[in-house]
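Student: sequence-free structure coming up:
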C-alpha cells in the first residue's frame, strides 16, 4: 500500500531559507521513516535559492533556453539550460510579485542531495528526495508533475528480462517511477493548498542506501537525437530546408542504406528515378535536374549528405551527427 500526505503549516519560503527547517517542524515527531520519499515543489526551492528575478518573462525565457523545439503563437516549447524540454523553459510568473518571475532551481539534483543529507542528519532517517515541477506531455491535454531533481532514488524501475504472469519476457518496460511519484505527490498537495512538501510511503524498494544518491533526475533525460520528437513538425521541416550542420544531432543517427533507399524511392517527387543502395552509400540516377534539391533535403533529415557527381547521378553517404 502507498500512502501520501502533505503537511499543513509550512510558512512562506524566502531566499536563504533552510528547507529542512520548514519541513521537519511541520511533521509530528518521528513521522519520517527509512524508505520514505520526500517530494518538494521546485517553486519553494527556487524561492529559497533566490531565483526570483525582476524583468520581462519573455527575456527570462530566452536566457533560460538552450534550444527551441516548437512555437505556436505565444507558446514556446524549449530545451532549457537543465536539458529539460518544457513550456517557457520552466519560467513561472505565478505566485510572485508583479514585474518578477521565478526561474527553475540552479541545480535540482544538488538541492535534492542537500535536503536528503539534512534530513538524515537531523531526523536520523534514510529517505529519498524529489524536486518536482509541472510539465505538459506530447499528445495529451493537461499537465502533470514530474521529477526535475532526485537523490537517493532509483528514478527508473527496469523490468527488462522479467516474466509476466503469461510467461512473456518483458523487453522495454521501464516505468519512470520518479515521475510517477511526483505526479502522485501533486494530487496530495494540490495546486493552491500552500503545501509544498509531500511524504510518500510504501516504496522503500526504490530508496537507495544511505550515502548513495543515484543518477538524479538527469538520468531521465534522453540524449539529443534519441528523442523522436526533438523538434515540432513545422520546425523539423524548416530545419531540413536550412540544413545547418549544428541541427543534425536533433535528427538522430543516420538510417541504414536500405531505409534511405526505400524512403527516396517512395518520394512522389522522384518518380522515374533509380535508387541503388550499396555498401555504406546510396546512388540515385535521374534525368530530372530538380531531383537533387529534393534528395538533399530528405537525406539531411535522415542523417545523410549528397556528393556531387554527374548531373544525372547523385551519391549519398551517411554523416555522423
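Tutor: Here it is on my side, so go on. Just so we're clear, the structure is a prediction, and the values are computed from it rather than from any experiment.
Student: looks to me like residue 24 is in a strand.
Tutor: No - counting by DSSP: H, G, I helix; E, B strand; the rest coil, residue 24 is not part of a strand but helix.
Student: which residues of the stretch 101-250 of the chain score low on pLDDT?
Tutor: Residues of the stretch 101-250 of the chain that meet the criterion pLDDT under 70 lie in 159-163, 169-172, 192-193.
Student: could you pull out the helices for it?
Tutor: In the stretch 101-250 of the chain, the helices defined using DSSP state H, counting those that start in this stretch lie at 108-123, 177-189, 233-242.
Student: what comes up buried for the last one?
Tutor: Right, helix 233-242. Across helix 233-242, burial judged by 16 or more other C-beta atoms under 10 Å covers 235-236, 239-240. The way it works is simple: take the backbone N, C-alpha and C, and place the C-beta from them, glycine included.
Student: what of the first one?
Tutor: Along helix 108-123, these residues count as buried under the neighbour rule (16+ other C-beta under 10 Å): 108-109, 111-120, 123.
Student: quick one on the thing from earlier: just send the helices of the stretch 101-250 of the chain back as JSON lines, with distance to residue 281 too.
Tutor: Formatted as JSON lines, these follow (distance: least, C-beta to C-beta, whole Å):
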{"stretch": "helix 108-123", "distance to residue 281": "44"}
{"stretch": "helix 177-189", "distance to residue 281": "42"}
{"stretch": "helix 233-242", "distance to residue 281": "21"}
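Student: and residue 304, which of those helices is closest to it?
Tutor: helix 233-242 (11.9 Å; C-beta to C-beta).
Student: got the buried residues for stretch 303-314?
Tutor: 303-306, 314.
Student: now the buried residues of helix 108-123 as JSON lines including distance to residue 151?
Tutor: Output for the buried residues of helix 108-123, formatted as JSON lines (distance: C-beta to C-beta, whole Å):
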{"residue": "108", "distance to residue 151": "10"}
{"residue": "109", "distance to residue 151": "7"}
{"residue": "111", "distance to residue 151": "8"}
{"residue": "112", "distance to residue 151": "4"}
{"residue": "113", "distance to residue 151": "4"}
{"residue": "114", "distance to residue 151": "8"}
{"residue": "115", "distance to residue 151": "7"}
{"residue": "116", "distance to residue 151": "4"}
{"residue": "117", "distance to residue 151": "8"}
{"residue": "118", "distance to residue 151": "11"}
{"residue": "119", "distance to residue 151": "10"}
{"residue": "120", "distance to residue 151": "11"}
{"residue": "123", "distance to residue 151": "15"}
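Student: looking at the residues you listed, which is nearest residue 229?
Tutor: The shortest gap between residue 229 and any of the buried residues of helix 108-123 belongs to residue 108, at 22.9 Å (C-beta to C-beta).
Student: show me what contacts the closest one?
Tutor: Contacts for residue 108 (C-beta atoms under 8 Å, 6 or more residues apart in numbering) come out as 42, 45, 82, 131, 148-149, 216-217.
Student: domain ranges for this protein?
Tutor: 3-51+105-220, 233-318 (automatic domain parsing).
Student: which of those domains is buried the deepest?
Tutor: domain 3-51+105-220 (a mean of 18; mean count of other C-beta atoms under 10 Å).
Student: from residue 292, how far off is the closest residue to residue 274 other than its chain neighbours?
Tutor: In space, and not counting its chain neighbours, residue 274 is closest to residue 285: 4.4 Å by C-beta to C-beta, 6 or more residues apart in numbering. The gap separating residue 285 from residue 292 is 12 Å, by C-beta to C-beta, to the nearest Å.
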